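Asks: No letters, just coordinates:
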């Protein structure tokens, strides 16, 4: 199956914000990235708006004609934003406001009722839901009880171990994907996936609907150019 590539444009917003103006233009890049062949645009607006701003989210909605995926911790402000913008997908991430980046998945057992209530509201508004989880069988089984449509496998541990030569790490992700599929969940993946490891991950992890890649893709674009990099990812995801 073809795995879709959603490009996270947070780092483009970080670069823009560094100078306090509107260069590079996040909206223009979102349009161009879709024209270059990406299957979706991902953003992760945080409460401090240190990269993507809430205003960006609203402005992007009419421009994203592929698939719009909004990630974030479902605090009330975030929930209101998602219900207003109505993206195709919302990905719930258990971020602390002070975290530099996402670093763990949900405990779907402890937070079952909390997630179930929020997911129910999104689904009533016809927004597909995905929740960030580690490749842990209990957490995936717990995800089913929340009512989520998909899980997003948090892949930092895979990327870290793969870079050290420990390719066996992929087994836990392959098993997690197989279990999720058997339980009727869609499977996304993201965090530290890059051109060096994405083919191996895709080859061994079945049923992969979508990957969301931002930091690595933008860094790789400094060397190869963003249009080339998007084309390279699409080739590796076939």
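Replies: Thanks, I have it. The structure displayed is predicted, hence computed values, not measured ones.
Asks: who's in contact with the residue nearest the centre of the chain?
Replies: Most central residue of the chain, judged by C-alpha distance to the mean C-alpha position with CA atoms, centre = their mean, is residue 212 at 4.2 Å. The contact partners of residue 212, taken as CB atoms under 8 Å, 6 or more residues apart in numbering, are 6-8, 40, 42, 69, 71, 91, 152, 188-190. All C-beta atoms are positioned from the backbone trio N, CA, C, and that covers glycine.
Asks: Go through those and name the one nearest residue 122.
Replies: residue 91 (10.6 Å; CB to CB).
Asks: and stretch 165-174, what's its mean pLDDT?
Replies: If you average the pLDDT over stretch 165-174, you get 98.
Asks: Please identify the buried residues of it?
Replies: Judged by neighbour count using 16 or more other CB atoms under 10 Å, the buried positions of stretch 165-174 are 169-170, 172-174.
Asks: re the thing from before, out of the contacts of residue 212, who's nearest residue 119?
Replies: Distances from residue 119 to the contacts of residue 212, taken by CB to CB, are shortest for residue 91, at 11.3 Å.
Asks: ok, back up a step: looking at the buried residues of stretch 165-174, which one is closest to residue 61?
Replies: residue 173 (32.0 Å).
Asks: Please work out which residues outside the helix or strand hosting the closest one touch it.
Replies: Using DSSP states H and E, residue 173 maps to helix 170-182. If you take CB under 8 Å, 6+ apart as the criterion, helix 170-182 is touched by 133, 135-137, 140-141, 143, 151, 153, 155, 158, 162, 186-187, 189, 200-201, 204-208.
Asks: Much appreciated, bye for now.
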